[in-house]
Structures are given as C-alpha cells and as structure tokens.
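[1] Sequence first, then the predicted structure, then my questions.
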Amino acid sequence: MIRNQWYGILNSKEVKSKKPIGVTRMGEKLVFWRSENGEVNCIFDKCCHRGASLSAGTVIHDKMTCPFHGFQYDSSGKVTLIPANGKNSVVPERYNVNSFRVEEKYGLIWLWYGENKDELPEIPFFKELREGFSYGEFSEMWPVHYTRAIENQLDVVHLPFVHASSIGRGNKTLVNGPVVKWEENLMTFYVNNVADYGEVKPLKPNEIENYKDLFSLQFQMPNIWQNIISKDIRIVAIFSPIDDEHTRIYLRFYQKFMNLPILKQLVNGMSTFTNKYILHQDRKIVLTQVPIKSELNMNENLIQGDIPIIEYRKRRSLLKTESDSQ
Ligand code: FES
Ligand SMILES: [Fe+2]
C-alpha cells in the first residue's frame, strides 16, 4: 500500500445515517458511521475493552457505542464513556482505538492513508467529472490484490483476445505505442491498436504523430481509472483495497448527454449490463494470474505494448519509496 495518499474506498450510499457499517479496507477491519450533521467517521472495528466488533453496536449522540458493555467512542477513536465506571469518572487516555481521516466527495468516501498532517492534499478525482455528470454504478469483489485489478485496466494488449465479442472487435492485435504522458500522478495513455497484415512492426511511442487525437484512458494514482469514451461519456473504476488478496471494484458509467430524470436513470442503469459483461470477461482471466500481487521487479516478460503497466509499476514503486522514507 502506498502511504500518504487519498484512496477512494466506499460509495457514499454505503454509509447510512444512524446505522454503522463494518468493512475491511487497507487490510483492517473498520467501522464507518455518520454523525448527526452527516459527517462520516472511521475507526478500527475492534473494541479496546474486550475485542467485540463495534460495527454491531449503535450510534448514540454521534458516538460509536460498543454492543457488549457500552463503551462510547468519538471520531478520533478515543473512549469518552465507560458506563460501568459511571458518567462521573474520567476515561484514561489508554482507552482508544486507531482512526482514519475520511472525507466524502464525488459520491465516494475517501480515506487518508498516511501521516496525520494538518494540511492534506486535494482529493485526486478527475477534474472534469466533479460536476455536470450523472452516473450509474455497481460494485463487485475480486479475489486479487488491487495492483492486478488496476493493471488489467491499463492493459491494451488484451483487448482482441479477452474482448473479441465486445470492445475488442476487429482483431486489432498489433499494438502501436502506447504513448504515456504523466501530469503529476495522473497518467494518460493513448491507444493505437491496428489489424496486423504482416507488413509492419509496431510503432514506438515516439514515432506516433498526433497522439493526442487517439483514443485515451487515464489512471490517477493511487486507485482511480477512467476510459474517455467521449467528452460526455466516461467509464470510471475505483479499486478499493480490501486486503492483500481482495479488491472491491466500483464501476461507474458517467454521462452528461441525457439529463431528463427518468431517461437519465434508464441510460445509466442500462450501461451497467454492458459494463458488467465486459468486466466479467476480464475477471475470468485476471483471477488466474499468478502471483495475485504485482511488483516492479517480478518474473514477467513484458513487451512494448505493456508500457502503461510498466509506467504504473515504476510510479507505484517510486511513491512507495518516497512515502516510506518520510
Ligand atoms: S467489549 Fe466493547 S465494551 Fe466491552
Ligand atoms: Fe479488459
């Protein structure tokens, strides 16, 4: 896991008011709940008293209350009340659990994984999708490390093989480039796959002219991806790390060409069927990959067409080294 990053980890709607939710993210069992003003809180889901799951408890006056003996926790994970000791007793410092800073934006809950600084960087969501679009969404769990799920969406070589019946029609097996450009931690990759008539070799990235006119996709570190279908249509994936062997993928269809209320829902809902079909073509294969986590240096023989994957691995390794040394 790369430290000092905001990770999109849950859909906003999963955190209901008054009802806590327990989920595993970043390899930890966590409980999320909303304060009365709607703000989302996140602390470890294990009571410091005798280990019960807090998420089975209730929210009382903004406090997460353990179902076993009623210890009450504030949003920083500190116990503010031990009922058996009486309201009149001060709770010693050592009664606490860890917490994470979380924010709710763009229909997602974001978790800050790293040092607790006063000033945190901006939440890294695609700028143009922050307003004006509506979306339909579904999510599913994949039993792989999130690096593998992400790399599948950076893989332009697999299209005619895995998706011959959908987005990979046309047998475009020859992969020119791809061209990769970074802007801070946002990678844009431009795709130029063509049919192979046995006459040419693939172009190197620097031999591709006018690459900006090509079809493009983006990956924002550490865990958000988008397919730029057009100015008005995007497919977005959020790869929420559960633990080293599991990832929850939130897949969204964003559009702004249809704004009429009912039709909008219909369009957004229908897109889910297509996207699920395509994602399941991927899942069948990705689940067979060994090992289930990728690294910069591992025993794989990558090719030129894998440049976006190589770039992702390099950037991941760089950010990891940077944040581990801080
Ligand atoms: S285990 Fe939570 S209050 Fe006792
Ligand atoms: Fe795919």
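    Happy to help now that I have it. This one's a predicted model, so the numbers in the text were calculated from it and none came from an experiment. Ligands and ions are numbered 1, 2, ... in the order given.
[2] contacts, neighbours, all on C-alpha from now
    Fine.
[3] How about the residues of the stretch 51-200 of the chain by ligand 1?
    Residues of the stretch 51-200 of the chain lying close to ligand 1 by Cα under 6 Å from any ligand atom are Gly51, Ala52, Cys66, Phe68, His69, Gly70, Phe71.
[4] Would you mind measuring from the closest residue to Leu217 other than its chain neighbours to Pro83?
    Leaving aside its chain neighbours, Leu217 sits nearest to Asn227 (4.6 Å; criterion: Cα to Cα, 6 or more residues apart in numbering). According to Cα to Cα, to the nearest Å, Asn227 stands 52 Å off from Pro83.
[5] So for those two, which sits in the more crowded spot?
    Asn227 (18 against 13; other Cα atoms under 10 Å).
[6] from memory that one sits against Leu251, does it?
    No - using Cα atoms under 8 Å as the test, Asn227 is too far from Leu251 to be in contact (11.1 Å).
[7] which neighbours do those two share?
    Ile235, Val236 (Cα atoms under 8 Å, 6 or more residues apart in numbering).
[8] For Ile242, give me phi and psi.
    phi -90, psi -60 (degrees, to the nearest 10).
[9] Not counting residues beside it along the chain, what's closest to it?
    Excluding the flanking residues, the one nearest Ile242 by Cα to Cα, 6+ apart is Arg25, at 4.1 Å.
[10] what about that neighbour, how many neighbours?
    Neighbour tally, Arg25, other Cα under 10 Å: 20.
[11] now the one 4 residues further on
    Neighbour count of Lys29, defined by other Cα under 10 Å: 17.
[12] swap in Phe273?
    12.
[13] before we move on, what about Asn4?
    Neighbours around Asn4, by other Cα under 10 Å: 20.
[14] Tell me what Gly8 is bridged to.
    Trp110 (DSSP bridges).
[15] and it, what does it touch?
    Contacts of Gly8 (Cα under 8 Å, 6+ apart): Leu108, Ile109, Trp110, Leu111, Asn223, Ile224, Ile238, Phe239, Ser240.
[16] same thing with Gly22?
    Neighbours of Gly22 in contact, by Cα under 8 Å, 6+ apart: Lys29, Leu30, Val31, Phe32, Asp45, Ser55, Ala56.
[17] Now the buried members of those.
    Applying 16 or more other Cα atoms under 10 Å to these, the neighbour count classes Lys29, Leu30, Val31, Phe32, Asp45, Ser55, Ala56 as buried.
[18] ranges for the strands of the stretch 101-250 of the chain?
    Using DSSP state E, counting those that start in this stretch, the strands of the stretch 101-250 of the chain run over 101-105, 108-113, 134-142, 174-183, 186-194, 215-220, 224-228, 233-243, 246-255.
[19] who touches the closest residue to ligand 1 within the stretch 201-326 of the chain in this structure?
    For the stretch 201-326 of the chain, the residue closest to ligand 1 is Ile242, as judged by Cα to the nearest ligand atom, at 24.1 Å. Applying Cα under 8 Å, 6+ apart, we find Ile242 in contact with Thr24, Arg25, Met26, Gly27, Glu28, Arg248.
[20] how does this protein divide into domains?
    As recorded under automatic domain parsing, the domains making up the chain are 5-113, 127-325.
[21] Out of these, which one sits most buried?
    domain 5-113 (a mean of 19; mean count of other Cα atoms under 10 Å).
[22] how about the helices in this protein?
    146-154, 159-162, 261-286, 307-325 (DSSP state H).
[23] next one: the second one to chain centre, how far?
    Yep, that's helix 159-162 we're talking about. 24 Å (Cα atoms, centre = their mean, to the nearest Å).
[24] That one packs against which elements?
    Where contact means 3 or more Cα pairs under 8 Å, 6 or more residues apart in numbering; DSSP states H and E, helix 159-162 is packed against helix 261-286.
[25] tell me the average confidence for the helix it packs on?
    Per-residue pLDDT over helix 261-286 has a mean of 92.
[26] how many degrees apart are that helix and strand 246-255 in direction?
    For helix 261-286 against strand 246-255, the angle between stretch directions is 140 degrees (axes from the mean of the first three to the mean of the last three Cα atoms, to 10 degrees).
[27] I'd like to check the angle between helix 261-286 and strand 233-243, please.
    On the basis of the same axes, to 10 degrees, helix 261-286 is oriented at 50 degrees to strand 233-243.
[28] Which of the residues of the stretch 51-200 of the chain next to ligand 1 sits closest to Asp118?
    Phe71 (28.4 Å; Cα to Cα).
[29] sorry, back to before: what is the most widely separated pair among the contacts of Ile242?
    Glu28 and Arg248 (14.2 Å).
[30] The worst-scoring helix or strand of the chain on mean pLDDT to helix 146-154, inter-axis angle?
    Using mean pLDDT, DSSP states H and E, the weakest-scoring helix or strand in the chain turns out to be helix 261-286, at a mean of 92. Counting by the same axes, to 10 degrees, helix 261-286 lies at 110 degrees to helix 146-154.
[31] how far is helix 261-286 from where the chain is centred?
    17 Å.
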